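K.L.:
I'll drop the sequence and a predicted model, then ask my questions.
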Amino acid sequence: MMKLRKIGRLFVIKTRLEAFLVTYAIAVGSVERGVHYMQNYPGNGGWLLAAACLGVPFVAGAKLLDSVRPEVAASIPVKIGPRHSARPRINRSRPRHFPLSRGSALPSSHRTD
């Protein structure tokens with residue numbers, strides 16, 4: 001079990017340099033696949049498939065770089081306020097504890113049957 005964990009750590013991308021290297025490998029592979037598509041499908045179909053292949057490194061690279069972004073917020077001290085404030089917060093998803101004083105504004109609600 002311990003050896004599997006050690007081997008698994010090799011496949012974790014931890015730094016931005018590793019993310020750039022993986023993105024480069026994805027880009028090289030997608031260009032190669034795009035060239036094969038253009039050779040096997042001449043015309044507009046090959047160009048469209050090649051363009052789709054070239055869009056993959058942009059999406060994958062952005063996701064990889066976002067996943068290894070350094071956390072700047074961790075170094076900023078956060079001021080934590082009191083647990084309960086003096087004034088209760090009004091939340092729109094819960095009903096209020098007090099009724100409205102003016103009643104309903106709709107004339108159909110003032111029926112006296």
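P.N.:
Received the coordinates, thanks. Numbering: from 1, shown residues only.

K.L.:
Phe11 versus Leu49, what's the distance?
P.N.:
29 Å (Cβ to Cβ, to the nearest Å). For the C-beta atoms, the positions are set from N, CA and C on the backbone; glycine is no exception.

K.L.:
These two: which is more packed in?
P.N.:
Leu49 (17 against 6; other Cβ atoms under 10 Å).

K.L.:
What sits closest to that one if chain neighbours are left out?
P.N.:
Among residues not flanking Leu49 along the chain, Tyr37 sits closest, at 4.0 Å (Cβ to Cβ, 6 or more residues apart in numbering).

K.L.:
Within its local environment, how many residues does that neighbour see?
P.N.:
18.

K.L.:
just the one 4 residues further on next, same as before
P.N.:
A count of nearby residues for Tyr41, using other Cβ under 10 Å, gives 14.

K.L.:
cool, and the one 4 residues further on?
P.N.:
The number of residues packed near Gly45 is 12, by other Cβ under 10 Å.

K.L.:
helix/strand/coil for it?
P.N.:
helix (DSSP: H, G, I helix; E, B strand; the rest coil).

K.L.:
Could you pull out the buried residues of the strand or helix carrying Glu32?
P.N.:
Here Glu32, judged by DSSP states H and E, is contained in helix 16-40. Neighbour-count burial for helix 16-40 flags Ala19, Thr23, Ile26, Ala27, Ser30, Arg33, Gly34, Tyr37, Met38 (criterion: 16 or more other Cβ atoms under 10 Å).

K.L.:
which of those residues lies closest to Val68?
P.N.:
Val68 has its nearest neighbour among those in Ala19, at 5.1 Å by Cβ to Cβ.
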